[in-house]
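Novice: Here is the input, now give the coordinates:
(2 chains)
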Amino acid sequence: MTETPKPVAAQLDLLYSEAEEDLRAAVRSLLADRADPQTLLARIEGEAPYLPGLWDALAGGIGAAGLLVPEKLGGQGASHREAAVVLEELGRAVTPAPYLTSAVVATETLLALGADEGGPVAELLGALAAGEKTAVLAVPLSTAPGADPVTDGPVPAVADAAAADVLLVPRADGLYAVPAAEARITPQVPLDLTRPLAVVDTTGVAGTRLAGPETGGAAVRRGLLAGAGLLASEQLGLAAWCLEETVRHTKERHQFNRPIGSFQALKHRMAQLWLELVGARAVARAAADALATGAPDTELTVAVAQAYCAKVAVHAAEECVQLHGGIGMTWEHPAHLALKRAKSAQTALGSAGRHRDVIAALVDLPAPG
Amino acid sequence: MSGDKALAPDAAELLDRTRRLLAEHPPATTDRTDFLRARFDAGLAWVHYPVGLGGLGAPRSLQAVVDAELAAAGAPDNDPRRIGIGLGMAAPTLLEFGSDAVKERFLKPLWVGEEVWCQLFSEPGAGSDLAALGTRAVRDGEDWVINGQKVWTSSAHVARWAILIARTDPDLPKHRGITYFVCDMTDPGVEVRPLRQITGEAEFNEVFLTNVRIPDAHRLGEVGDGWRVAQTTLMNERVSIGGARIPREGGMIGKAAATWRARPELRTHDLHRRLLDLWVDAEVARLTGERLRQQLVAGQPGPEGSAMKLGFARLNQAISALEVELLGDEGLLYGDWTMVRPDLVDFTGRDAGYRYLRAKGNSIEGGTTEVLLNIVAERVLGLPPEPRNDKDVAWKDLAR
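Specialist: Okay, the predicted model is just below:
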């Protein structure tokens, strides 16, 4: 039996820079002001999917929507590392905002087309970066990065479509930009109340052809890969909030004449979550840095991050509900928002099983023949 | 050589010194021990140690520069696995609490590997509750006289010296009244008996101490302050990970993956699913270790070391359990039950059955998983402590 260890990839930077921590502080403070749990709870039953003014402040004010877009196209010229930090904060607060769909997946897809200044792609990227418009890729939210989705007829479970301005539609003959106003968009009732879903039908609507099938297909895969990789950071942020909230609650809540957080059975469960978070932080950072630097094993690192972080987020949210006891089952407490987001995100951009299949192929661990 | 700390060498100077060492003592023609002694004298053993004690007062992170250059030149290393307790636990404690004479006497042969160390901490009645230890040390003139029993002592049968904690005042609560010593393992009162374990071999020992005489000069720290000194030892035990970079598939997962690739006839869907889950967990553990290493280098040490220990135990157990099943009929066999007393611990060596059984110790040795989870919960998450009824009671009045 010979050992064939894979070579270690170029060293990934797994820490946070000072600039990233400053960005985190700005986003966290904005969300604390404008998107606290009570505001969210009041809003999710209303008509508009998003909090008024929040997107303008986040995308335009802080400039978060343009982090991946080069400065010459109107963006911040930052990278996936910074976008990942924004997503950690959006995950912590379970914020309803089309960040992952528009500022990451759609933006990365457009960037992969290679934008000429002045062309339609550059123009759209500029508008997305400025936060003036949002765009979504018109594929089901569950689409995995390796898939080659082609839209033909109504597409279910398209995230953030109802409030988008532009739909990016992969068709057999290429990738199209379709004004959302010209499409038939039918909102659905989502499990995750903070990430609206809709059926999108662009049949018969021409739109603008941005690329042929080959370039378009590669761009879509690139967009989905960035989405899956950075979703890990959203899941990390959500899990971190769930643990902190649970620790806070169990320190305060007394039963049997003791804080319930002093019972070893509960302490071990929270310590276990902390261990999972330590791993999730390392692997989510790895995915963000791999995307930012174009590391050769980015696809593998993203698959590992998704296969792990999705599970950690669901576990943290489930423990948050359980360890809050009856309060955790109420509509008033925000634990359910986190649980619904975590459980939906487990299916988003490829299930754990799909990511494991990718890993099996990439590291030569084939299934039984 | 000047001991001026303001002139701590930088990477370029360390590289220069390393090349000079290699030029003056070519590894190909120099005796291994002679080379290691010369390396120690050149201050390139542990560069963060003081001048004259194997170091140069340089930043700890620069050790990697020296190690890489020496490895590239094919220089011998000091086999840190065999002398791990000395390097990782005894040395930092000797450095912090030893007299000048103690440091000069012990550090060089320790680092070179000429003297192996063991650790006489745990006792039959004081494992996780280490501060409950009952081995007595009684002052007699310039000596201390030790009586008691220690257990789970790795390397005791090959060790020349031991770090030892013993009770010097039973009238104080258990964390006080403990004193820390360096014990001579060749003293006639020291009896080492192999302790055969689950794998069939005797990697650990019981150590019986009968009227062992330790000179007061071999005491580390103040009388009664041994618990604090022991904390330094135990902290360093947990810091010692995170130094080296682990390659992908570097640990036990590499063995299982190699078997999977080489033996298609063993593959089943159930095992495939579990193998991939563990492959992901192993990769997450590798990246966690890498992130911890980067934090240490950047001077931002976090509490993640405890996560590494806990994760490593769970992962090794799960992977080795899978390996036994993967091997089918071969997994029903065991290499060799003969009792041997190995010089070093080998987690990944021998066969799958051995790995499965040995990995059971990973969640017990160096702090049980249960105790470490309590530590994480209380010190990292700030959860309220367990109720304690032994803190203010004299050790002699505790139930045993």
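
Novice: The residue nearest the centre of chain B: which element?
Specialist: With distances taken as CA atoms, centre = their mean, B:Ile85 lies nearest the centre of chain B, 4.5 Å away. If you go by DSSP states H and E, B:Ile85 is part of helix B:84-85.

Novice: just to revisit the earlier point, residues contacting the residue nearest to the centre of chain B?
Specialist: B:116-119, B:154-155 (CB atoms under 8 Å, 6 or more residues apart in numbering or on different chains). Every C-beta, even on glycine, is put in place using the N, C-alpha and C of the backbone.

Novice: Where does the prediction get shaky in chain A?
Specialist: The model of chain A has pLDDT under 70 over residues A:1-10.

Novice: Leaving out the residues flanking it, which one is nearest to the spatially most central residue of it?
Specialist: Nearest to the geometric centre of chain A sits A:Leu231, at 3.2 Å (CA atoms, centre = their mean). If the residues on either side of it in the chain are set aside, A:Leu231 comes closest to A:Leu349, at 5.5 Å by CB to CB, 6 or more residues apart in numbering or on different chains.

Novice: just checking, that neighbour touches A:Leu141?
Specialist: Yes: counting by CB atoms under 8 Å, A:Leu141 is a contact partner of A:Leu349 at 7.3 Å.

Novice: okay, the two: which has more neighbours?
Specialist: Neighbours per residue (other CB atoms under 10 Å in any protein chain shown) separate A:Leu349 from A:Leu141, with A:Leu349 holding more: 29 against 25.

Novice: so who does the more buried one touch?
Specialist: So A:Leu349 contacts A:141-145, A:224, A:227-228, A:231, A:306 (CB under 8 Å, 6+ apart).

Novice: which helix is the longest one in the chain?
Specialist: No chain specified, so I'll use chain A. helix A:213-252 (DSSP state H).

Novice: actually it's chain B I care about, not the one you picked
Specialist: helix B:269-297.

Novice: helix or strand right after it?
Specialist: helix B:304-326.

Novice: Send me that following helix as PDB with only the CA atoms.
Specialist: Extracted C-alpha coordinates of helix B:304-326, given in PDB (Å, rounded to 0.1, in the frame of the first residue of the first chain):
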ATOM      1  CA  GLU B 304      -8.200  27.100  19.300                       C
ATOM      2  CA  GLY B 305      -5.500  24.700  20.600                       C
ATOM      3  CA  SER B 306      -8.100  22.900  22.700                       C
ATOM      4  CA  ALA B 307     -10.200  22.500  19.600                       C
ATOM      5  CA  MET B 308      -7.300  20.800  17.900                       C
ATOM      6  CA  LYS B 309      -6.900  18.300  20.700                       C
ATOM      7  CA  LEU B 310     -10.600  17.500  20.800                       C
ATOM      8  CA  GLY B 311     -11.000  17.300  17.100                       C
ATOM      9  CA  PHE B 312      -7.900  15.100  16.600                       C
ATOM     10  CA  ALA B 313      -9.200  12.600  19.100                       C
ATOM     11  CA  ARG B 314     -12.600  12.300  17.600                       C
ATOM     12  CA  LEU B 315     -11.300  12.200  14.000                       C
ATOM     13  CA  ASN B 316      -8.600   9.500  14.800                       C
ATOM     14  CA  GLN B 317     -11.200   7.300  16.500                       C
ATOM     15  CA  ALA B 318     -13.700   7.700  13.600                       C
ATOM     16  CA  ILE B 319     -11.200   7.100  10.900                       C
ATOM     17  CA  SER B 320      -9.500   4.100  12.500                       C
ATOM     18  CA  ALA B 321     -13.000   2.600  13.200                       C
ATOM     19  CA  LEU B 322     -13.800   3.000   9.500                       C
ATOM     20  CA  GLU B 323     -10.500   1.400   8.500                       C
ATOM     21  CA  VAL B 324     -11.200  -1.800  10.400                       C
ATOM     22  CA  GLU B 325     -14.600  -2.200   8.700                       C
ATOM     23  CA  LEU B 326     -13.200  -1.200   5.300                       C
END
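
Novice: Could you list every helix and strand in contact with that helix?
Specialist: helix A:264-293, helix B:226-239, helix B:252-262, helix B:269-297, helix B:352-359, helix B:369-375 (3 or more CB pairs under 8 Å, 6 or more residues apart in numbering or on different chains; DSSP states H and E).

Novice: Please identify the most buried of these.
Specialist: Neighbour counts (mean count of other CB atoms under 10 Å in any protein chain shown) averaged over each of these peak at helix A:264-293, with a mean of 24.

Novice: could you measure the residue nearest to the centre of chain A against A:Tyr99, distance?
Specialist: To A:Tyr99, A:Leu231 is 11 Å away according to CB to CB, to the nearest Å.

Novice: joint contacts of the two?
Specialist: A:Leu87.

Novice: all strands for the stretch 1-150 of chain B, in order.
Specialist: Remark: strands assigned in the stretch 1-150 of chain B by DSSP state E, counting those that start in this stretch are B:117-120, B:136-140, B:143-150.

Novice: Would you format these as CSV with mean pLDDT, mean neighbour count and distance to chain A included?
Specialist: Output for the strands of the stretch 1-150 of chain B, formatted as CSV (pLDDT from 0 to 100; neighbours: other CB atoms under 10 Å in any protein chain shown; distance: least, CB to the nearest CB, whole Å):
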stretch, mean pLDDT, mean neighbour count, distance to chain A
strand B:117-120, 95, 27, 26
strand B:136-140, 98, 16, 32
strand B:143-150, 98, 20, 28
